[in-house]
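> What shape does this take:
(one chain, ligands or ions: 1)
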Amino acid sequence: MESETKILVIGALGQVGSELVETLREKHGIDNVVASDIRKPDHVVGPFEVLDVMDAEAIKQIVLKHNIKHVYNLAALLSATAEKNPEFAWKLNMEGHFNVLNLAKEGIIDRIFWPSSIAVFGPTTPLDNTPQDCIMDPSTVYGISKLAGERWNQYYFEKYGVDVRSIRYPGLVGYKSLPGGGTTDYAVDIFHQAVKQGRYTCFLNSDTKLPMIYSGDAIRATIEIMEAPKENIKVRSSYNLAGMSFDPAELASAIQKQMPEFEMAYEPDFRQGIAASWPNCIDDSAARNDWNWNPAYDTNSLVEVMLENLRQPA
Ligand code: SER
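Just a heads-up that it's a prediction; the model follows:
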């Protein structure tokens, strides 16, 4: 990528944003990556702007001020939180997306990353090896907003030539940041509780298999798709992306291999219904073919890296 390209990350304090900003800054220099979020963090490192993604004019002013050319828009309510406030979730997830798409349509920025999710799939989607193109009937407001956003990506690309790139993230599991209100959050919480208390009560059933990815792999995919040559990006709605798949019982036994005393209990809540409508595993051959996607972590290496980093040093 061009060395002087300035980058804006919206939603920089979230699960993806915090790790993405760190990685982009290591790669492109602190001053070339402006972080922004709805609130100021306690400790500000590098360029930071307080920004409400629903304020189109404010985004434009920040983009012009820093001469931003690439925007990663990560501001959204996730699946479980969105169900508690559907109207606001729709407004935030869609208006924010339009505000950034329109800056590219006006020619002010020239590339956008916008995350979609496995939540775009639904109960009548083929749930094993879910194809890139298939029936999509999301049952959550989060999934509906992501599917609509994907269609707008395609529309803005075809009608206005907007260079928007997108990935359908599986559940993200990492030790550097905490998830904020998703259905896949258990797969992060479990490690924190395993290390703290040696046990975990899961809000999904033991056999609810979902696609997951190590956050380091997800960040790498995000940067790789953004830095791929334009002509390689053949899917403009959003790419399926796979890392690994497991159900809570499989994750628990992978943890028990390293912590034999670890105990798991199950108390499913409303998130079980959401998880049941999502795929078990994903076919990501389009991402592999078009921009050489290849995950590095499987379930066992994920467990290793999580426990190694969350365990207190002796
Ligand atoms: N991890 C997200 C969620 O559970 C899915 O994109 O909401």
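
> what secondary structure does the nearest residue to D55 once chain neighbours are set aside sit in?
If you skip the residues right next to it in sequence, D55 has N99 as its closest partner in space, 7.7 Å away by CB to CB, 6 or more residues apart in numbering. Heads up, the C-betas are built off the backbone N, CA and C, glycines and all. Remark: N99 carries the secondary structure label helix [criterion: DSSP: H, G, I helix; E, B strand; the rest coil].

> same check, this time on A249
A249 falls in the helix class when you classify it by three-state DSSP.

> so it makes contact with T208?
No. Using CB atoms under 8 Å, A249 is not in contact with T208; the gap is 9.2 Å.

> Pick out whichever of the two has more residues nearby.
Neighbours of A249 and T208, each counted by other CB atoms under 10 Å, are more numerous for T208; the result is 23 against 16.

> Return the residues in contact with that one.
Applying CB atoms under 8 Å, 6 or more residues apart in numbering, one finds that T208 lies in contact with 247-248, 272, 275-276.

> now, which of those residues sits nearest the ligand?
A275 (8.2 Å; CB to the nearest ligand atom).

> ok, the helix or strand encompassing the closest one near the ligand or not?
Of the helices and strands defined by DSSP states H and E, A275 is found in helix 271-276. No. No part of helix 271-276 sits near the ligand under the criterion CB under 6 Å from any ligand atom; the closest distance found is 7.6 Å.

> For the chain, which segments are assigned as strands?
Using DSSP state E, the strands of the chain run over residues 6-10, 33-37, 48-50, 68-73, 111-113, 116-117, 164-165, 167-169, 171-173, 199-202, 210-214, 239-240, 244-246, 263-266.

> sorry, back to before: spatially, which two of the contacts of T208 are the most separated?
Within those, P248 and A276 form the most distant pair, 12.8 Å apart (CB to CB).

> Quick check on the residue nearest to A80 when sequence neighbours are not counted: phi, psi?
Leaving out its chain neighbours, the residue that sits closest to A80 by CB to CB, 6+ apart is G181, at 5.1 Å. Backbone torsions for G181, taken as degrees, to the nearest 10, come to phi 90, psi 30.
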